[in-house]
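[1] Okay, predicted coordinates and the sequence, questions at the end:
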Amino acid sequence: MASRPTEVTADMLISHTHWDHIQGLPFFKPLSAPGNSFCIFGASQAGVGYMQRVIENGWRVSAARAFLRPAISRGNLDVRVGAHASRILLDGKRAVGASYVEVGNPSAQHVVRARREVIVSAGPLNSPKLLHLSGVGPAGVLRDLGIDVLHELPGVGENLHDHYGARGVVRIRNSKTANDLSRWPYLGWEILKWLTGRPSIVGLSASIAYVFWKSDEVLDRPDLQFVLTPISFKAGQFGVLDDFPGMSLGVWPHRPQSRGYVRAKSANPLDAPVIQPNYLSSSVDQRVLVAGLKMVRKFLATPQLSHFVEREEVPGPQVVTDDEFLDFARRNGSTIYHFAGSNRMGPDHDRMAVVGPDLKVKGLQSLRVVDSSIIPSLPSANSYATTLMIAEKAADMIKSA
C-alpha cells in the first residue's frame with residue numbers, strides 16, 4: 001500500500017504513508033513542497049512530513065501479530081484468552097504467581113504459579129490497578145479499598161499523564177476526502193481496491209502527515225505535534241463523520257506537565273479503574289495548547305491550501321481570544337491514547353518511583369512491570385515505538401537474569 005520503500009526491523013515492517021499518489025486527495029501535495037522535512041528521525045525534529053506506520057499490504061502489524069503469533073506454537077508459551085488477572089500472589093516479599101478469573105464467569109478462579117518471575121504488562125491504566133488489588137501501593141489508597149497493605153509503594157498509580165489534544169476542522173472543496181470515500185458508493189470501490197492490493201482508505205493509519213513545531217520561537221526545539229487527517233467528525237471529535245468533505249488538523253503539547261492518577265475502584269478485579277488524568281491542570285499545558293490551536297488556524301489558512309479549503313468549521317470564527325481557545329480545548333479536546341507514567345521508573349532515592357532500571361518493583365523480588373506505565377515522562381512523540389523498545393529491552397534483561 002505504500003509507494004515508498006519499507007523498512008524491516010527484526011519483527012516488524014515499517015511503511016511510509018505517501019498520499020500524493022491517492023487520486024482524489026490532492027490537498028496533501030503541498031507537503032511535498034521543496035524545503036519540507038520528511039525525516040522523522042533527522043538531526044532536527046522540526047518540520048513536516050508523512051507519518052510512518054506499521055501496516056503491511058493494507059493490514060496493521062500489531063505487536064501480537066509481529067511477536068506473539070509466531071511464538072504460539074512454542075512449547076513454553078500458554079496463551080489463555082478470556083482471563084482477567086485479579087491478583088499477584090506474594091509469599092512475603094517475593095512474587096510467586098498470579099490469580100485470574102474467567103470473563104463472563106467470575107466465580108471461576110484460577111491460579112498460575114511462577115518458577116522465576118511474574119511480569120506485569122497490563123498497560124498504564126491496569127498495571128497500577130492490579131498492583132493495588134495485590135496489596136502493593138499507597139497505604140491510604142489500599143486501606144480505603146479494604147485491601148491489606150502487603151507492600152507500601154506510594155508511587156503506584158501516581159504520575160499518570162497523557163498527550164491531550166484538540167482538532168481544527170475545515171470544509172474542503174474541489175476534492176473528495178475520506179468523509180466521502182468512506183460512504184457508498186465510493187466505499188465499495190475503496191474496498192475493492194484494498195482487496196486487490198491497491199492504495200485505499202481501508203488500509204490507512206488514522207493520521208497521514210505530521211508537523212513538529214514550537215509554541216514560542218525562543219524555544220530551541222519543538223514542543224508541539226500536529227497531525228493532519230483527511231477526515232472530520234461532528235463537533236471536531238472522534239465519532240460520527242461530518243456530512244461535508246472535511247479535513248482535520250489536531251495538535252497537542254509534546255511534553256505535558258499535567259499529572260493525574262489511576263487507582264483501583266474497589267477490591268473487585270472486574271471493576272474498571274478510577275482514571276483522573278487532570279488534563280490541562282498545568283498552566284504550561286494550557287499556554288502551549290492555545291498556541292498550537294492558533295497555529296492550526298494559521299496552517300489551514302495558508303495560500304497553498306486555499307484552492308481546497310472553503311472555510312473553517314471548528315472551532316469557528318467566533319473563537320478568537322486565548323480564553324476562548326482554552327475553553328474550546330477543554331470542551332472538545334480528547335486523549336491521544338498515550339497514557340504513561342503510573343508506575344514510573346526511578347533511582348532508589350526517589351520515593352515515588354515504582355521500578356528501577358531493571359524494571360523490578362522496588363522492595364519486591366521476582367516481579368517486574370513491562371509497559372508504558374514505567375515511563376517517567378512522555379517522549380516528544382507517539383508512545384508506541386517507545387513501548388516496543390521497553391519490551392525489547394526487558395526481554396533481554398529477563399533472558400539474561
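    Cool, the structure landed.
[2] By mean pLDDT, point me to the weakest helix or strand of this protein.
    Lowest on mean pLDDT, DSSP states H and E among the helices and strands of the chain sits strand 7-8, with a mean of 46.
[3] And the next helix or strand past that strand?
    Following strand 7-8 in sequence order, the next helix or strand is strand 13-16 (DSSP states H and E).
[4] Domain-wise, how is the protein divided?
    According to automatic domain parsing, the chain comprises the domains 26-61+162-335, 80-161+339-400.
[5] okay if I get those as a markdown table plus mean neighbour count, distance to Met12 and mean pLDDT?
    Where C-beta positions appear, they are placed from N, C-alpha and C, glycine not excepted. Compiled in a markdown table, the domains of the chain are given as follows (neighbours: other Cβ atoms under 10 Å; distance: least, Cβ to Cβ, whole Å; pLDDT from 0 to 100):
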| stretch | mean neighbour count | distance to Met12 | mean pLDDT |
| --- | --- | --- | --- |
| domain 26-61+162-335 | 17 | 5 | 89 |
| domain 80-161+339-400 | 18 | 8 | 97 |
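[6] Format these as TSV; extra columns: distance to Ile72.
    As requested, these are exported to TSV (distance: least, Cβ to Cβ, whole Å):
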stretch	distance to Ile72
domain 26-61+162-335	16
domain 80-161+339-400	12
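[7] And the strands in the stretch 1-150 of the chain, which stretches?
    Along the stretch 1-150 of the chain, the segments classed as strands by DSSP state E, counting those that start in this stretch run 7-8, 13-16, 47-50, 52-53, 55-56, 59-60, 83-91, 94-102, 105-113, 118-120, 136-137.
[8] Remind me what the fifth one packs against, helices and strands.
    Going back to what we said before, that points to strand 55-56. Contact here means 3 or more Cβ pairs under 8 Å, 6 or more residues apart in numbering; DSSP states H and E; on that basis strand 55-56 packs against strand 13-16.
[9] Could you check how far the strand it packs on is from the centre of its chain?
    Computed by Cα atoms, centre = their mean, to the nearest Å, the separation of strand 13-16 from the middle of its chain amounts to 18 Å.
[10] That one - which strands sit beside it in the sheet, and in what orientation?
    strand 7-8 (antiparallel), strand 52-53 (antiparallel) (DSSP bridges).
[11] about what we covered before: out of the strands of the stretch 1-150 of the chain, the one nearest Gly260 is which?
    strand 136-137 (15.5 Å; Cβ to Cβ).
[12] Which residues does that closest one contact?
    Among residues not part of strand 136-137, those counted as contacts by Cβ atoms under 8 Å, 6 or more residues apart in numbering are 88, 90, 128, 131, 150-154, 156-157, 361, 364.
[13] now do 6 Å
    Applying Cβ atoms under 6 Å, 6 or more residues apart in numbering, the set of residues contacting strand 136-137 from outside is Leu131, His151, Leu153, Val156.
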